[in-house]
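Asks: Generate a structure from the sequence data that follows.
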Amino acid sequence: MTLSVKQRLDEFRRQKRVQAGSLIISAFGDAVMPRGGRIWLGSLIRLLEPLQLNERLIRTSVFRLAKEEWLRTESVGRRANYVLTHSGKRRFEEASRHIYATHAPSWDRCWRLILLIGELPPRERDKLKRALFWQGFGALGNECFVHPGTDLEAVSEALATDGLGDYLGSLMPLLAGESHAGAWASHAELVTRAWDLEELGKAYTGFVATYGPIRDALGGGPRVPIEDEDAFLLRLLLIHDYRRLLLRDPELPDVLLPQDWPGQKARQLCRELYRRVAEASERHLDQVLRLADGSVPWRDPSYDRRFPEDVAEAS
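Replies: This is a model prediction of the structure:
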């Protein structure tokens, strides 16, 4: 294993506080969903223990995800699989369209608005604002949230899944075309008011600084110098870190972004490094991932289209 890979894994292990539920979500979306969206809990524990997540923490986190309706149990004799719920699968599929895309989505020059039209106590208002922030929304004042391209129906479903369904009656979703936006301000002025791109840019720069040396150390050949288990662990942390950045990213069109926006470098880096460790990490999953009856889940080959190879890589 190269020194840079070891450093990244050890850095994660040294964290005093790990958001295990969020990491499990990343593992389900990247590794479990392509294999039927179900896994025996003992197998999940085996996958994550090398990152020093103990069994008790994993069990507690999975129980909480089931309570939040991301997962459900499926009894098989004295064992049980944990399975993605319908709403959980839909949310993963929506996130995957962004995570594994080769390019940022095109823009229809329309803004998605959510207006707060009902009265909410300050604590509930803050909770709602945080939830929309993690879906990439910017704020125009305290009662208007804006996004360049999200699916408003999916936003509503996500808020309900997050336990905020009671607030939907206080929200009004709107679609504003370019002519409407022009009545307020230019697109660039709207972006400046709604998002702190400097902070997000620093986060992307940090991502590139962390994973760029690992990509370079692994080289570009078909066989990279890394053990199968380490390849999986690195892939999981790569997607986990990138997913958390995208949750905050409105994915603005290039015309509205600063020059040399680091988000584009991060996207290309994630794609290149993922492809370099994919084969070895899949071998590890073949060895470890099991269902409650002991069988190896079938892998859907359509997921091989993640980060397609026919797009030219940056040098």
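
Asks: So what's the residue count around the spatially closest residue to residue 34 that is not a sequence neighbour?
Replies: Leaving aside its chain neighbours, residue 34 sits nearest to residue 303 (3.8 Å; criterion: Cβ to Cβ, 6 or more residues apart in numbering). C-beta here means a position set from N, CA and C on the backbone, and glycine is covered the same way. By other Cβ atoms under 10 Å, 13 other residues sit near residue 303.

Asks: What ranges does the stretch 51-200 of the chain have for its strands?
Replies: In the stretch 51-200 of the chain, the segments counted as strands under DSSP state E, counting those that start in this stretch are 71-76, 79-84, 111-116, 138-139, 144-147, 171-176.

Asks: Could you save those as a markdown table and add columns showing mean pLDDT and distance to residue 31?
Replies: Supplementary listing: those in a markdown table, determined by pLDDT from 0 to 100; distance: least, Cβ to Cβ, whole Å:
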| stretch | mean pLDDT | distance to residue 31 |
| --- | --- | --- |
| strand 71-76 | 92 | 14 |
| strand 79-84 | 93 | 12 |
| strand 111-116 | 92 | 31 |
| strand 138-139 | 91 | 32 |
| strand 144-147 | 92 | 29 |
| strand 171-176 | 89 | 34 |
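
Asks: Would you map the helices across the stretch 51-200 of the chain?
Replies: Here the stretch 51-200 of the chain has its helices, by DSSP state H, counting those that start in this stretch, at 55-67, 86-99, 122-133, 152-161, 178-184, 187-194, 197-218.

Asks: distance of the residue nearest to residue 34 from residue 58?
Replies: Distance, residue 303 to residue 58, by Cβ to Cβ, to the nearest Å: 24 Å.

Asks: thinking again about what came up before, relative to residue 44, which of the helices of the stretch 51-200 of the chain is closest?
Replies: The closest of the helices of the stretch 51-200 of the chain to residue 44 is helix 55-67. By Cβ to Cβ, the value is 6.5 Å.

Asks: who does that closest one touch, helix- and strand-wise?
Replies: When contacts are defined as 3 or more Cβ pairs under 8 Å, 6 or more residues apart in numbering; DSSP states H and E, helix 55-67 sits against helix 20-27, helix 41-48, strand 71-76.
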